[in-house]
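J.: next comes the sequence, and after it the predicted model I'd like to discuss.
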Amino acid sequence: MEHKVLVVDDSVMMRTVIRSFVSKMPEFKAVAFAENGKKALEELDNHKDLSLILLDIEMPEMDGLEFLRYAKLKSKAKIVILSSVALSGSPYAAKARELGADAIVTKPSGAVSLDLVDKRGDELAGVMRRLVGLG
């Protein structure tokens with residue numbers, strides 16, 4: 001079974017990095033992309049069968065935390081916060097958990113972390129697999 005993924009990040013570079021990462025995992029397929037929470041809510045209407053949402057926090061128009069408030073009502077997809085501001089113990093991380101985030105993986109070097117796969121790839125892959133019940 002292929003698990004469908006929505007990638008939400010305001011950086012084109014990060015969406016590209018994440019898409020490439022997901023494409024190398026045969027059990028997942030990135031099927032939708034959004035540059036902010038508002039666009040991501042539209043994608044939830046277009047993709048009712050998502051398994052996973054990879055979500056940045058800091059974005060224009062509607063940030064990841066505001067999106068989380070609505071996403072949990074509209075989708076059964078598991079949500080992984082993928083952000084440089086949601087460090088363990090931070091107010092962002094606490095708020096994300098409170099709003100229903102299923103996991104948090106921090107970007108290693110800021111909002112645009114081109115080293116994401118090298119530094120956090122194994123962690124992210126493990127979290128993704130665990131949340132969809134693959135170990």
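T.: Now that the structure is in, tell me what you want to look at. Numbers count the residues shown, from 1 in each chain.

J.: in the protein, which residue is closest to the centre?
T.: Per CA atoms, centre = their mean, the C-alpha nearest to the average position across the chain is that of Leu54, at 1.1 Å.

J.: can you confirm Ala125 is in a helix?
T.: Yes - assessed with DSSP: H, G, I helix; E, B strand; the rest coil, Ala125 lies in a helix.

J.: what is the neighbour count of it?
T.: Residues lying near Ala125 (other CB atoms under 10 Å) number 19. Using the backbone N, CA and C atoms, a C-beta is placed for each residue, glycine as well.

J.: still on that earlier bit, correct me, but the residue nearest to the centre of the chain touches Leu82?
T.: Yes - taking CB atoms under 8 Å as the definition, Leu54 is a contact partner of Leu82 at 5.0 Å.

J.: name the residues contacting each of these two.
T.: Applying CB atoms under 8 Å, 6 or more residues apart in numbering, one finds that Leu54 and Leu82 are jointly contacted by 9, 18.

J.: if we can go back for a sec, helices or strands up against the helix or strand encompassing the residue nearest to the centre of the chain?
T.: Under the criterion of DSSP states H and E, Leu54 resides in strand 52-55. Where contact means 3 or more CB pairs under 8 Å, 6 or more residues apart in numbering; DSSP states H and E, strand 52-55 is packed against strand 3-8, helix 64-74, strand 78-83.
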